[in-house]
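Asks: need a structure here:
(one chain, ligands or ions: 1)
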Amino acid sequence: MEGNVEVLISREKVEARISELAREIEKDYANKDLICVGLLKGSVMFMSDLIKEISMDLRIDFMKVSSYGGGTNSTGVVKILKDVDLDLTGKDVLIVEDIIDTGLTIVNVKDFLKQKNPNSIKVCTLLDKPSRRLVEVEGEYVGFEIPDEFVVGYGLDLDEKYRNIPFVGKFVKK
Ligand code: 5GP
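Replies: Here you go, the predicted structure:
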């Protein structure tokens, strides 16, 4: 399986960066009421590793959104397939995402969650492809900026496979 995937960011580098992000988050959220909201399914491995490294009280929840129909640069185009279960009123929400690409998913999810009156909303993403943005949005916590390449592993899929690869890889057709 892994024969088709070249290492782009090794497991060691990903794990080291996740520890750094966790330290920043601990510092910024000291005395806050943190809820980490992971976006299914891509964020699962990142979310699980990240929260293990955060030494403070927190809660977790998950959302699932449909991907937008391609070829558009408008917002409001993702469907909420699974909403959060927890009450976010007055809470400090950290959206945990695998990758920000065009930015459409994050913009829509942020707008949706804002309606639940949290105290704050920020974004933590493992990967960022800034060159692909269609809407202006940035993650406050970014693991790695990557070039415009299709990546798999560490939760990211191709046709629902490769999510379990423990590094970020570049898919190469053989
Ligand atoms: P955006 O709405 O920012 O364009 O896209 C975010 C979603 O697109 C991610 O959550 C992810 O599911 C998918 N995506 C974007 N780039 C890649 C990539 O290089 N590899 C994989 N596997 N998924 C990607």
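
Asks: can you show me the strands along the chain?
Replies: 5-9, 34-40, 59-65, 80-82, 92-100, 120-128, 141-145, 151-152, 168-171 (DSSP state E).

Asks: burial count for the closest residue to Asp92 other than its chain neighbours?
Replies: On the basis of C-beta to C-beta, 6 or more residues apart in numbering, the spatially nearest residue to Asp92 that is not a chain neighbour turns out to be Lys32, at 4.2 Å. (Glycine included, C-beta is placed from N, CA and C.) Neighbour count for Lys32, taken as other C-beta atoms under 10 Å: 16.

Asks: what does the one 3 residues further on give?
Replies: Counted with other C-beta under 10 Å, the neighbours of Ile35 add up to 20.

Asks: OK, contacts around the closest residue to Ile121 other than its chain neighbours?
Replies: Leaving aside its chain neighbours, Ile121 sits nearest to Val93 (4.7 Å; criterion: C-beta to C-beta, 6+ apart). Taking C-beta atoms under 8 Å, 6 or more residues apart in numbering, we find Val93 in contact with 35, 37, 113, 118, 120-122.

Asks: how close does the residue nearest to Tyr141 when sequence neighbours are not counted sit to the ligand?
Replies: Nearest non-adjacent residue to Tyr141, counting by C-beta to C-beta, 6+ apart: Cys124, 3.9 Å away. Using C-beta to the nearest ligand atom, to the nearest Å, Cys124 is found at 13 Å from the ligand.

Asks: before we move on, what about Val78?
Replies: Distance from Val78 to the ligand, by C-beta to the nearest ligand atom: 8 Å.

Asks: show me where this structure has its helices.
Replies: 11-28, 44-53, 104-114 (DSSP state H).

Asks: grab the most central residue of this structure for me.
Replies: The centroid of the chain falls nearest to Glu97 when counting by C-alpha atoms, centre = their mean (0.8 Å).
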